[in-house]
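Enquirer: Requesting a structural model of the entry that follows:
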Amino acid sequence: MKQIKLLLMTLIGIITIAACSDKKAEKEPSLPSISGKAGEIAVVSTKSQWEAEPGTSIRTVLAQDCPYLPQKEPLYTLFNVPQSAFNKVFQVHRNLMYISIDPTKDTIGMQVRKDIWARPQTMLTIFAPNEESAGKYIIDNSEIIISIFEQAERDRVIRNSKRYEEKDLRDFINGRIGGSPYFPSGYALKKQTPTFMWISYETSYTNQGIFIYRFPYKNATQFTPKYIVEKRDEVLKENVPASGENSYMITNPTIIPGFKWISYKGRDFAELRSLWDTHNDFMGGPFVSHSFLNRDSTEVIVVEGFVYAPKYDKRNYLRQVESIVYSFEWNNPVGK
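Expert: Residues are numbered from 1 along each chain as shown. Here you go, the predicted model:
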């Protein structure tokens, strides 16, 4: 928990460095919309930097396998833009990582700037006197670098969810549990019981769903991975049937879930990631869940996002539902 809070404090400090640049960008009314696909990062560097250090470190950190997906997919899709070719076409890309090597300076560090050439854009610059120190710095600060781009992608989804939200849906959930995520256009209530809600966005070949369920709070053991998985399987067996006879959603029993405590925008929650499967069926996919106490500490609330997309890569679909889960806000938050 302390490590996560330290990471967030460090990240906040880095972003604060660029506050003046952000305010300047906010005053620019004519910035174009960003280009590029979700999950892409344009790395601006010389050819030698890209082929050796620090390019090797960047690929190690940002192109590693995305965790808890049924097939291998990179955490981010990277492509190199030579500094000599960094023109207006690439300057409007959604995610930029710029390598600045200056042998005349001893500075080693990073700077985050927002909305320089487009909106909503994130640019991370790495400063170093040589390629070797830049590569080492990227490895040593890998968690922070990943967090910067993860938050940038998340913020874009949440921004669109709020701009094109299904307000009636959020109002309904607010009335049930006192808070709600923001759902973009197209999501609809699929099922409800007194303690369970299933909100879904479905196409011919994909299903992105959000489960929200609650149960009485007894003690801290209800926030262990073992209990969360057992409770999840109990709730979904009752509420989420699959296509076969006597089939229903379960947590994949062969995968050890990822688990950590997170403090995010004034809320503390237990995040669990894994793969879901089906009993007596052949469906499956990734999911992420947040478990937390309600405001009077009488109930545990679980908000989960899952993906079923058997014909497609799942990384971006999962990021979309994960961002919806992260968008949860209490009705009339404290201090507002």
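Enquirer: My guess is K105 contacts P129. True?
Expert: Yes - between K105 and P129 a contact is recorded at 6.0 Å, counting by C-beta atoms under 8 Å. Yep, even glycine has a C-beta here, placed from its N, CA and C like the rest.
Enquirer: more neighbours, these two?
Expert: P129 (15 against 11; other C-beta atoms under 10 Å).
Enquirer: In contact with the closest residue to I99 other than its chain neighbours, which residues?
Expert: Closest residue to I99 apart from its sequence neighbours, by C-beta to C-beta, 6 or more residues apart in numbering: S45 at 4.0 Å. Residues in contact with S45, defined by C-beta atoms under 8 Å, 6 or more residues apart in numbering, are P54, G55, N80, V81, P82, Q83, Y98, I99.
Enquirer: And the protein, split by domain according to the record?
Expert: 2-161, 166-330 (automatic domain parsing).
Enquirer: Mean pLDDT lowest where, among those domains?
Expert: Confidence, taken as mean pLDDT, is least for domain 2-161 of the domains of the chain (a mean of 89).
Enquirer: Return the alpha-carbon coordinates of the longest helix along the chain using PDB.
Expert: Longest helix in the chain by number of residues (criterion: DSSP state H): helix 142-163. Written as PDB, here are the backbone C-alpha positions of helix 142-163 (Å, rounded to 0.1, in the frame of the first residue of the first chain):
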ATOM      1  CA  SER A 142       9.300   1.700 -15.400                       C
ATOM      2  CA  GLU A 143       6.300   1.700 -13.100                       C
ATOM      3  CA  ILE A 144       5.900   5.400 -13.200                       C
ATOM      4  CA  ILE A 145       6.300   5.500 -17.000                       C
ATOM      5  CA  ILE A 146       3.600   2.900 -17.400                       C
ATOM      6  CA  SER A 147       1.300   4.700 -15.000                       C
ATOM      7  CA  ILE A 148       1.600   7.900 -17.000                       C
ATOM      8  CA  PHE A 149       0.400   6.400 -20.200                       C
ATOM      9  CA  GLU A 150      -2.200   4.200 -18.500                       C
ATOM     10  CA  GLN A 151      -3.700   7.200 -16.800                       C
ATOM     11  CA  ALA A 152      -3.600   9.100 -20.100                       C
ATOM     12  CA  GLU A 153      -5.500   6.400 -21.900                       C
ATOM     13  CA  ARG A 154      -7.900   6.000 -19.000                       C
ATOM     14  CA  ASP A 155      -8.700   9.700 -18.800                       C
ATOM     15  CA  ARG A 156      -9.600   9.800 -22.500                       C
ATOM     16  CA  VAL A 157     -12.200   7.000 -22.100                       C
ATOM     17  CA  ILE A 158     -13.600   8.600 -19.000                       C
ATOM     18  CA  ARG A 159     -13.800  12.000 -20.700                       C
ATOM     19  CA  ASN A 160     -15.800  10.500 -23.600                       C
ATOM     20  CA  SER A 161     -17.900   8.500 -21.100                       C
ATOM     21  CA  LYS A 162     -18.900  11.700 -19.400                       C
ATOM     22  CA  ARG A 163     -19.400  13.600 -22.600                       C
END
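Enquirer: before we move on, which element is Y68 in?
Expert: For Y68, there is no enclosing helix or strand under DSSP states H and E.
Enquirer: Ramachandran coordinates for it?
Expert: When quoted as degrees, to the nearest 10, the phi and psi of Y68 stand at phi 60, psi 50.
Enquirer: Can you give me every residue that contacts it?
Expert: Neighbours of Y68 in contact, by C-beta under 8 Å, 6+ apart: I255, P257, G258, R273, S274, L275, P286, V288.
Enquirer: Of those residues, keep whichever come out buried.
Expert: Neighbour counting by 16 or more other C-beta atoms under 10 Å classes P257, R273, S274, L275, P286, V288 among the contacts of Y68 as buried.
Enquirer: quick one: which of those residues is nearest F196?
Expert: V288 (18.0 Å; C-beta to C-beta).
Enquirer: The closest one is in contact with S323, isn't it?
Expert: No - the criterion here is C-beta under 8 Å, and V288 misses it with S323 at 10.2 Å.
Enquirer: still on that earlier bit, dump the contacts of Y68 into a markdown table; add secondary structure and distance to W50 as well.
Expert: Shown next, in a markdown table, are these (DSSP: H, G, I helix; E, B strand; the rest coil; distance: C-beta to C-beta, whole Å):
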| residue | secondary structure | distance to W50 |
| --- | --- | --- |
| I255 | coil | 35 |
| P257 | coil | 36 |
| G258 | strand | 31 |
| R273 | strand | 31 |
| S274 | strand | 35 |
| L275 | strand | 34 |
| P286 | strand | 30 |
| V288 | strand | 32 |
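Enquirer: and which of those is nearest to R170?
Expert: Checking those against R170 with C-beta to C-beta, the nearest one is V288 at 19.8 Å.
Enquirer: and that closest one, what does it touch?
Expert: Y68, E271, L272, R273, E304, G305, L318, V321, E322, V325.
Enquirer: Could you name the residue of this protein that is farthest from its center?
Expert: T104 (37.9 Å; C-alpha atoms, centre = their mean).
Enquirer: how much space is there between the residue lying closest to that one once chain neighbours are set aside and G109?
Expert: Spatially, and ignoring its direct neighbours in sequence, T104 is nearest to P129 (7.8 Å; C-beta to C-beta, 6+ apart). P129 is 11 Å from G109, where distance means C-beta to C-beta, to the nearest Å.
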